[in-house]
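Undergrad: Predicted structure and sequence below. I'll ask about it afterward.
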Amino acid sequence: MELDKSNYKLVLIGNPNSGKTTLFNQLTGSNQYVGNWPGVTVEKKEGLLKNSHISVKIVDLPGIYSLSPYSPEEVLTRNYIIEENPDLIINILDSTNLERNLYLTTQLLELNIKTVLALNMTDILEKKGRILNFKILSKKLGIPVIQISASKNKNINDLIKVIFLNLNKKNTENEDMKIFSLEIKNILDKISDLLEVNKFEATKIFEDDFMTIKKLNLSERKKNNLNLIKNSIVLPEFMDREILIADQRYKFICNLCKSCIWNFNSKKFNISFSDKIDKILTGKYTAIPIFIVFILIIFYVTFGPAGNYLKNLFEVVINDNVGYYVKYLLNYFHASVWTKSLILDAVIKGVGSVISFLPQVLLLYTLLSFLEDTGYMARAAYIMDKLLKKIGLSGKAFIPLLMGFGCSVPAVLGTRILENKKDRQMTIFLIPFMSCSAKIPVYLLFASSIFKNYQTFLIFSLYIFGVILAIFTAYLFKDTLFYGENPTFIMEIPSYKLPSFKNLWIHIWERTKDFVERAGTVILVATILIWFLQSFNIKFNYISDSSKSIISVIGNFISPVFTICGFNDWRAVVSLLTGLIAKESIVSTMSVLYNTDNIQDLSNMLTNSFSIYSALSYLIFILLYTPCVAAVSAIQKEFKNTKLTLISIVYQIFIAFLFSSLVFQFGILFSKIFK
């Protein structure tokens, strides 16, 4: 088929958790993460249709229930689809929730943009004892309808064929699709004629949609004429115009579903598998204990014997193999002393000290990803709603807070799923208290050297302490810095499903790749910088005694500030500074500054440099002080308020100094009393 243009722009739109991103991956060959909860996509993603001889750009927009947006990502979707005027809309529907999904479809059809309907999960619908006749649905809506299974790559090629067939077709309104009563239709036609707008805009104006009306910049005469038209209808009691429109849409949708969905086995309408499991996992008395057990299992597997064994094995590979052969090559080529020091001390030992913790980070990501993909994490948000309400948050805030245990940057961006401004801003403020995975190497380093018999307990306690301080902070600021109406919790709970290996691998790979990339870029640069400042004096002469280096001058100048916290060794203080670039670089910096050959040597050095109380104080400071620059940048981006960002930074530093010094001072007092 010959096409009019050489490039096209398509948008992929649908309800949250309808399989939108899975379909995007199938159409473009991308590897975007797919989650089993609503709101995974918070920014638009773009890709090119694979195996296409022309340029067809597909834009994956954040999930939206209707074109009446409430949260930032919903606003992004509506604005994009209205303002960018795409060549075609691919509207993906979850067949198991057809009534709810079709609400958005009826709005999209009013935009006068060519639309193709992709019915996803029809195989799951059939397992529930129902058959969807897509031909009747296509005829009633007046648009092409294709049955697909995005997760199983079923009928995707048929969908692509239909897309190409419809790219050049002229869009025509389906006169048989009568959504509104004759009275409302006449009013909408009058609004369209008066203001020269399309059907969708006329409907939104009738609903008193602020965004649409503001964009038109109406004159007073037109405003008066518009009000006369809108007020010509007598509204039923307790119903405004927006509810009236929604009511008529749903009446149309209900009749449509009755005509195209057939029930062939009424017995299958019994309690679903998900509902049976939820009786236990979200039960009144069992939900919290089960959640705690899951978290304890994750911590034990990651930081217990299994995790430590993998870490030690990986460390041997780096030090005894990579380090040995690199050293051999440097000697073979007669490299200079400072070149050997740069490569062996900065690159191999510095970056290697961070990479050696990769197996445990990988374990943590695998276990969390498994829980996310099964659908349990959406239940965890529901379980936590009652507790979070007490501190001024909704259960929905639990998801970005939980993401904070992985990385603060996507967690902050993930707050866009929160409709309430207070909920969103306070969640962003609290995310830095969630101990991100970048801190794991530091925790493990100190736990394995100074707290050998209590490793898992120590790390678990640090995580819990961060959560406790987040709760304290929320109580402190909920009616002052973040005053406003408390948010309500409305969230779709997805069905349980066994995670696909492909999706699980994509999720783990993306997170692990980020960890490795940071080690090979940000941490490498920071480590080389530290090596340079440690290896040269202020006259830029190469030295072997680091106490005379540039970095020691800087460190000795700053370190007295931390005396109250119990760690005034300039090497420990300088490591904190590099932690502002990336928290993992604390370990690599220590490896360089303490001039050790491997993690075991570094552990021995720390045992001699830190007491139990100063080590605990140091870990508390790392847990609480300012997050990395990437996280601070994301916080500023989402706050859009420099003052609030600065308050967040100053508060984190204050809290870190306060609790770090308290831990150390009380520890010293305790040891003197019970000496």
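TA: All right, it came through fine. Numbers count the residues shown, from 1 in each chain.
Undergrad: list the buried ones in the lengthiest helix in the chain?
TA: Looking across the chain with DSSP state H, the single longest helix is helix 642-673. By 16 or more other C-beta atoms under 10 Å, the buried positions in helix 642-673 come out as 644-645, 648-649, 651-652, 655-657, 659-661, 663-664, 667. Where you see a C-beta, it was placed from the backbone N, CA and C, and this is true even at glycine.
Undergrad: Out of those residues, which one has the weakest pLDDT?
TA: On pLDDT alone, residue 667 ranks lowest of the buried residues of helix 642-673, at 90.
Undergrad: Can you tell me the closest non-neighbouring residue to that residue?
TA: residue 613 (3.1 Å; C-beta to C-beta, 6 or more residues apart in numbering).
Undergrad: Where do the helices of the stretch 51-200 of the chain begin and end?
TA: 72-83, 98-108, 122-127, 134-141, 156-167, 182-195, 199-206 (DSSP state H, counting those that start in this stretch).
Undergrad: do the same with the stretch 551-675 of the chain
TA: According to DSSP H, counting those that start in this stretch, the helices that the stretch 551-675 of the chain contains are 570-578, 585-593, 599-609, 612-624, 629-639, 642-673.
Undergrad: And the fourth one, what does it pack against?
TA: Contacting helix 612-624 under the criterion 3 or more C-beta pairs under 8 Å, 6 or more residues apart in numbering; DSSP states H and E are the following elements: helix 440-449, helix 455-477, helix 570-578, helix 642-673.
Undergrad: So for that helix, mean pLDDT?
TA: Here the average pLDDT along helix 612-624 is 95.
Undergrad: So what touches it?
TA: 433, 435, 439, 442-443, 446, 450-451, 458, 462, 465-466, 469, 565-567, 572, 576, 579, 583, 586, 606, 610, 652, 655-657, 659-661, 663-664, 667-668, 671 (C-beta atoms under 8 Å, 6 or more residues apart in numbering).
Undergrad: tilt between that helix and helix 440-449?
TA: Here the directions of helix 612-624 and helix 440-449 differ by 170 degrees (axes from the mean of the first three to the mean of the last three C-alpha atoms, to 10 degrees).
Undergrad: List the buried residues for helix 612-624?
TA: For helix 612-624, by 16+ other C-beta under 10 Å, it's 613-624.
Undergrad: List just the nearest of those residues to residue 322.
TA: residue 622 (27.5 Å; C-beta to C-beta).
Undergrad: how close does the closest one sit to residue 286?
TA: 35 Å (C-beta to C-beta, to the nearest Å).
Undergrad: Quick check: residue 47 is in a strand.
TA: Yes: assessed by DSSP: H, G, I helix; E, B strand; the rest coil, residue 47 belongs to a strand.
Undergrad: show me the contacts for residue 446.
TA: Residue 446 touches 606, 610, 615, 618-619, counting by C-beta under 8 Å, 6+ apart.
Undergrad: run the last query once more with 6 Å
TA: 615, 619 (C-beta atoms under 6 Å, 6 or more residues apart in numbering).
Undergrad: Local confidence estimate at it?
TA: pLDDT, residue 446: 93.
Undergrad: Make residue 1 into 30 and carry on from there
TA: In the new numbering, first residue 30, that becomes residue 475.
Undergrad: any idea how far residue 615 is from it?
TA: In terms of C-beta to C-beta, residue 475 sits 10 Å off from residue 615.
Undergrad: Please apply the same query to residue 399.
TA: The value you get for residue 399 to residue 615, if C-beta to C-beta is used, is 29 Å.
Undergrad: More neighbours: which of these two?
TA: Ranked by neighbour count (other C-beta atoms under 10 Å), residue 399 and residue 615 place residue 615 first, with 29 against 16.
Undergrad: related to what we said a few turns ago, out of the helices and strands packed on helix 641-653, the one nearest residue 619 is which?
TA: helix 599-607 (5.1 Å).
Undergrad: Show residues contacting whatever helix or strand residue 360 lives in.
TA: Following DSSP states H and E, one finds residue 360 within helix 352-361. The contact list for helix 352-361 (C-beta under 6 Å, 6+ apart) reads 369, 377.
Undergrad: pretty sure residue 657 is touching residue 608, no?
TA: No: the pair residue 657 / residue 608 is not scored as a contact, 7.5 Å apart, by C-beta atoms under 6 Å.
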